[in-house]
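**Student:** Any chance you could fold what I've pasted below:
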Amino acid sequence: MPTLISPTTSLYVAFQDCRDDWGPGLHENGFGIGPEDDLDSPDGFADWVRRRLWLDHGAGAPCPDERHASCRWIVEDGQVLGGIAMRHWQDDDLGQIGYGERPSARTIESQGGVLQGILDTGHVRVRRYWITLSR
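**Tutor:** The predicted model follows:
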């Protein structure tokens, strides 16, 4: 069963395999990859993971005064299947939750997600969905 975990350098090879499923680029929504990020070298990857965790904070802790998110990876049997970035501040351009799964894994549409539209950010096209959460 897939689980959500904090980003970790121990899954470097599994993350590279996940990236290869998409092909290198900025379209892995949910991982928080920027154009300046070096994910190919172990040192660059470790720095990127550290920055993903830097502004993550526990429930009830005050939010930092800057844009930030809690990042989690979707992992099953040692494979990175996707990523989720839960943004703590509303962001009309990025949305509240960034989510991306490997093209070879099941998608949000198979789980009832409704496509709102496709946003062209200038460097990537992002598919935006509405989902219904059960209580």
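**Student:** for this structure, what spans make up the helices?
**Tutor:** Along the chain, counting by DSSP state H, helices occupy 12-22, 42-54.
**Student:** Mean neighbour count, the ones you listed: which tops it?
**Tutor:** Most buried of the helices of the chain by mean neighbour count (mean count of other CB atoms under 10 Å) is helix 12-22; its value is a mean of 16. C-beta: built from backbone N, CA, C; applies to glycine.
**Student:** what's in contact with that helix?
**Tutor:** 28, 39-40, 42, 45, 73, 75, 78-82, 102-104 (CB atoms under 8 Å, 6 or more residues apart in numbering).
**Student:** and Y129, how many residues sit next to it?
**Tutor:** Residues near Y129, counting by other CB atoms under 10 Å, number 17.
**Student:** Also the one 3 residues further on?
**Tutor:** Look at T132: counted by other CB under 10 Å, it has 7 neighbours.
**Student:** what sits against it?
**Tutor:** G112.
**Student:** Against E36, how distant is the closest residue to H68 other than its chain neighbours?
**Tutor:** Distances taken as CB to CB, 6 or more residues apart in numbering place L55 nearest to H68, at 3.4 Å, with adjacent residues excluded. To E36, L55 is 17 Å away according to CB to CB, to the nearest Å.
**Student:** Specify which residue of these two has the higher count of neighbours.
**Tutor:** L55 (15 against 7).
**Student:** Isn't that one up against P62?
**Tutor:** No - assessed by CB atoms under 8 Å, L55 is found out of contact with P62, at 11.9 Å.
**Student:** Check I74 and give its pLDDT.
**Tutor:** Looking at I74, its pLDDT stands at 91.
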